[in-house]
Structure formats: structure tokens, C-alpha cells
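**Student:** this one's structure only:
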């Protein structure tokens, strides 16, 4: 029997925004309730090539499949005309261990589940009326976090902050092209928005806690290795509600872990984001809330499984 | 660009015994010298299906590729007419992170590298004149450990011990068919051979240290999870030379770890097998020697890389 490989173009068509949002939401809820198996991820680093490889596995309890996902980031690739990110997902039968299919998605599903998780959590935790959004970073996730959040609520203006002036300008143009009002801004003003999303690989915080206003919500999605840190520990100290997508991962290599080690919060000070997606979040209007997302293998599992089901349905 | 998938039949042809033995030997030597990157493996367990999944990654320093390998073992599969083991290897460019190819080997390369590593180490550590070989277990590795060792030295007789009488009889028939003299035996006699290889998933030692004779060598290859344990701690206590394929792994989930926790040896009492493959091992004729092999991701990397090179050469 030949290995079934699904290519990126077909996966892109099958993974509709509705399918991605529904699946990611359900998987984060299942994960919050402990109905998932997510071993610690495996990391490889290639310092000479400025590259890394993350391998994640995940299983939603009683699901017919589990997945193993390989994702690489080689940050000098764009200079050679190659994409920085690459990867694939192996979907394996959880009753027989036989590999059912390889989704040769080139990292697409990771990109989309990250966008969907960020949008779902930001939407759930921000004040219902909040509409001024700021994004730190100018890469693909900066664009997607905004575009996916715009699927869930009205965005009045997008404030864009990044180190590259050119990157900021281009991202504002992209937002304008998709009908969103956007403008470049300084870090201080960006940090003062109603909703703030950080999407950078920064090794030190990209904003000051003092610049975040009462009533704001901040979602950090860039910190995925122990040496990265986007959100300042002091911000966690100020927060009335802290959500993490995976307690252990966020403690080990998320912004939450930096805050715990800086002793601005205790290691038990977080709530699983899945609980906040089940019903409307109760938050005082003047509270600061923070979400730290590191990416959960169980979400990858649920999404790959759902996409494979959809691909198989379309073929039959 | 479509993902390149190489199928098992082509891989089987490309992976000649000479290529496998040379590559495994070189990789174990490189690993002993610290010229490899091997992150801790990732494990998933599926108790309801009596299954598990191991994901290993590895890189030989400066090699053009690294690999991520998925290997599953679902032990009720044979009853349904499916192989117990399955798996594939993703070979990825170490300079760009792009997946170069998937080797859909169904676990073949893992099986062969395990056989080759066991044979190389047993041959290197056993007395030069030793020819009486015993094997514990009746599975595929029991057969292969013997057949691959027979490629390296003369075997006078193979003593086969296993729990299944039928399994023992069939394995002896297979050995006879490949020209090896073999017979069933009790555990005590098997443990007294010149060379003993254990290939079981046993949760408790399969032999008594007191039954192992002075001058014998014992290689354990079955213990690959913390709850498994083939070789008794007392055997390590008796050994003049203990070799491990990966110190940390053997400490964590090999027989060596059980011995260290039982305090029959210290945690620094092992030598990397790679050092013993570089030049003839100096051992007193009456010493007992032991090797604990858990399987090293760097060996998988080297072998997959060598096989992919051979496949590419044959295609061009």
C-alpha cells in the first residue's frame, strides 16, 4: 500500500475558516478538560543556519487518529528565496499505529491553527465592545492574527508596530487592501490599544506593562522557546486573568514562565484558555487580561484529523 | 514541488548489509565522540490498544540532513493480520529545514539498524573465539540479531529460549533454513552461552546473573521504556565492562538505569559503545561484559541519510 500524501493546495481548500475555528476551539476545550495526550515536544537547533525544528505530537482522547508534526523555521531562507517555515503532519491510526496519511502542508495548518487560536482567545477575553487593535510584529502571524480576529468581531483601527519601517508600511497596505483601517505607530501607543497581540520572536519584552491601559487584553503568541520573551513579567503581575494554552509548556518556554521566574505571579496563577472559550468570560471592565499561547499538539492533532476527514470526504 | 516518497521495496534494495553495517558503526562512533545532536525522544502511549509511538530525531554534526523518525508498535495488530510495527522517516535539509524526502520504510530501517548495532557491539565485545550464541525471545529481532552477527563471526550453535514453545520451534527452523545450527533450550543453559543476546519486551529480568559464565558477553536490546527490564542489576554488578549506546537514554529507560537505581553500578560506570567499535576491545578472558542498547536517533539519521543518497544515486 502506497503512502497517501495530500498536497498543500488541496489542504488549503479543505481547511475552511469555519472548520479551522470550530476544530481549534473544540480542541482547546478538550485540552483544558484533560481529554488530550500531549507529550513534551522535541526540539532541534541548528545555530549555524539560524534554524530550528519542533516536533509535536498530540491525541484527543478516543479520537481515531493521533498526529506527529514536524515544523522547521530557518530564518535565513527568505534571503535565498525559500520560505522560512516548512513542515508536514503524519496522521496515524490510534488503534493500529499505521500511518494513514501525510499532510504535506508546508506548515500551513500550524500557521492557521496559531491564527485561529489567537483570534478565538483574544475575542473571548477582550471586552465585548473593544475594537482598537494593535499588533507587534510584521510577519505572517501579525497579518493573520488581525485578519482572523476580524472574522470574529469588528475592528475599528489596527495599529501596527514593528522594527522594520518597510515591514510596517507593507503590512498596513495589506490590511488596507483587505478593508481594514491600519496605520504605523510607536510601541507606546500600540501598547495602549484595547486589544494587543504580539507576534515576534523577541528575546526581550516588546512593550512596557505601564503602557497597557486598564480594560485592555494582551495576547502573546510569539514566545515558543525558553530564550524568547515578548511580554514583560510586570504585565502578568497586573493581570486580573491570565490564560495559557498549555500550563506546562507556558511555564517551560512561554512568557508566563518568565513571569513566574520573575515572581510577579505564582505558577498556579493561570487558567486554561479552553475554559474561557466555553462560555462568556466574566471580567471587570477595568481589568487587564493576558493570554500566553505556545501552540498545543492536541490542536494540531484535531485539525489534521478534521482536514484529513474533509479531504477523504471530497475524494469519495 | 511534490513531496518525494521512497517506498519500502526500493529502500530494502538500497540498504545493503554493507551499507547498513558501515553506516551504523560510523554513527555510533560519531555519537560516542559527541559529534551528534540527539534530543530526548518523544513517546505516546495507547494503553487501550496496547500500542505506543516513539519519535526520535537525530543529526550527525555537519551532515547535510537531519531526520525525524516515527515508529509505532501496536502489539495486537498481528491478530488482525497487520504488522505490529510501522513507521517512516522524514529526511530534512539541515541548512534550510525543507523536507527532502519521506522514507516510507514501515520500520525497516529501525529494524535493520537495531540488528546491525547489536551484531557490531556483540562482535566487538565478545571474546574473539566465542562461537556459542544464545538468544532470548522469538520475534523478528531474535532472528536478525543472530543472522547479522553471523555475517561478522562464526556461530557454532544458536540456543533459543522463549516463552512460546511454538515460537522457539519456528525460529529454530528458520535458523536451520539459513544454515545455522540451532536448538531450543531452558533459560539457565541459554544464560550460560559465550554470547547472549536478549530481544524481549520483558518487564522483569529474563535471566539470572549467576547463570552467566565468566568470559561471556551479554547484549540487551529489548529494553526501550522505563517499565521494561531484561537484564538483572546483579549482572551489571559483575561486569568488568559495561557499554551503552546512549548514556542518558540507557539511564532513563534502559537496563543500565535499572542497575544504577538498584545501586549495583554507579551512573558513571558505562562506556559509549562507539569507543569499543573503533579498535579491538581489551578484555580479560574471564571477564563478563554487558552492552545495553536503546537505539540512538543519530544512527537513524545517518542510515536514512545514507539510504537516501543511495536511492538518489540509483535514480540518476
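**Tutor:** That came in fine, so what should we check first? Keep in mind it's a predicted model, so treat the numbers as computed, not measured. Residues are numbered from 1 along each chain as shown, chains lettered A, B, ... in the order given.
**Student:** Tell me which helix or strand the residue most central in space within chain A sits in.
**Tutor:** Closest residue to the average C-alpha location of chain A: residue A:114 at 3.0 Å, with CA atoms, centre = their mean. Residue A:114 belongs to helix A:108-125 when elements are defined using DSSP states H and E.
**Student:** Which parts of chain A belong to which domain?
**Tutor:** Chain A is divided into the following domains under automatic domain parsing: A:5-109+A:298-315, A:115-296.
**Student:** contacting residues for the closest residue to chain B within the stretch 101-250 of chain A?
**Tutor:** Here the stretch 101-250 of chain A gets closest to chain B at one residue, residue A:104, 4.3 Å apart by CB to the nearest CB. C-beta: built from backbone N, CA, C; applies to glycine. Applying CB atoms under 8 Å, 6 or more residues apart in numbering or on different chains, we find residue A:104 in contact with A:5, A:6, A:7, A:8, A:11, A:88, B:2, B:3, B:99.
**Student:** what do you get for residue A:150?
**Tutor:** residue A:180.
**Student:** Let's verify it: helix, strand, or coil?
**Tutor:** helix (DSSP: H, G, I helix; E, B strand; the rest coil).
**Student:** Which pLDDT value goes with it?
**Tutor:** pLDDT for residue A:150: 97.
**Student:** And for residue A:1?
**Tutor:** Looking at residue A:1, the pLDDT reads 65.
**Student:** Stretch A:88-95: how far from the chain's middle?
**Tutor:** 22 Å (CA atoms, centre = their mean, to the nearest Å).
**Student:** same thing with stretch A:81-98?
**Tutor:** Using CA atoms, centre = their mean, the offset of stretch A:81-98 from its chain centre is 18 Å.
**Student:** what's the spacing between residue A:116 and residue B:99?
**Tutor:** 24 Å (CB to CB, to the nearest Å).
**Student:** Setting the sequence-adjacent residues aside, check what's closest to residue A:249.
**Tutor:** residue A:294 (4.4 Å; CB to CB, 6 or more residues apart in numbering or on different chains).
**Student:** circling back: what about residue A:116 and residue B:99, which has more around it?
**Tutor:** Set residue A:116 next to residue B:99 and count neighbours by other CB atoms under 10 Å in any protein chain shown: residue A:116 wins out with 28 against 22.
**Student:** measure the nearest residue to the more buried one once chain neighbours are set aside to residue A:295 for me?
**Tutor:** Of all residues not flanking residue A:116 in the chain, residue A:24 sits nearest, at 4.3 Å (CB to CB, 6+ apart). In this view, residue A:24 and residue A:295 are 11 Å apart by CB to CB.
**Student:** Overlap in contacts, the two.
**Tutor:** Common neighbours of residue A:24 and residue A:295 (CB under 8 Å, 6+ apart) are A:113, A:117.
**Student:** ok, those two, which is more surrounded?
**Tutor:** Counted by other CB under 10 Å, residue A:24 and residue A:295 do not tie: residue A:24 has more neighbours, with 28 against 21.
**Student:** Contacts only, for that one.
**Tutor:** By CB under 8 Å, 6+ apart, the contact list for residue A:24 reads A:113, A:116, A:117, A:120, A:299, A:302, A:303.
**Student:** Can you report how many residues lie near the first one?
**Tutor:** Read it as residue A:113. Burial of residue A:113 is recorded as 24 neighbouring residues (other CB under 10 Å).
**Student:** Test my guess that it contacts residue A:299.
**Tutor:** Yes: applying CB atoms under 8 Å, one finds residue A:113 in contact with residue A:299, separated by 5.2 Å.
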